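In: Sequence below, structure please.
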Amino acid sequence: MPIYEYVCEKCGNEFEELVFGADLPFCPECGRKTARRLMSRPARHRDGSGGEERARPGSAGGCGGCSGGNCAGCGH
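Out: Residues are numbered from 1 along each chain as shown. Coordinates of the predicted model:
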């Protein structure tokens, strides 16, 4: 039962909703069932030492010169 991010096609309201299966949620603002699922941003976390924020291991990330994952050049 994942939580997805949606935008209502009718009123433009953005909201999160816990969904079951392929159900489309009702917009909490206007009550219509015209929402479309948004692309979620990647999860971020701190490395625990007060350092910079990094992408979760195994997720796409890195600097502009990386294709994702770990990069010896920038440490991402």
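
In: check which helix or strand covers the residue lying closest to L38 once chain neighbours are set aside.
Out: Excluding the flanking residues, the one nearest L38 by CB to CB, 6 or more residues apart in numbering is E5, at 4.3 Å. No exception for glycine: its C-beta is placed from N, CA and C like everyone else's. Per DSSP states H and E: E5 is located in strand 3-8.

In: and the closest residue to E29 other than its chain neighbours, what is it in contact with?
Out: For E29, the nearest residue in space outside its immediate sequence neighbours is N13; the separation is 3.8 Å by CB to CB, 6+ apart. By CB atoms under 8 Å, 6 or more residues apart in numbering, the residues touching N13 are V7, C27, P28, E29, C30.

In: are any of the residues you listed buried, and which?
Out: Among the contacts of N13, those classed as buried by 16 or more other CB atoms under 10 Å are V7, C27.

In: Mind checking which of the contacts of N13 are in strands?
Out: Using DSSP state E, the subset of the contacts of N13 located in strands is V7.
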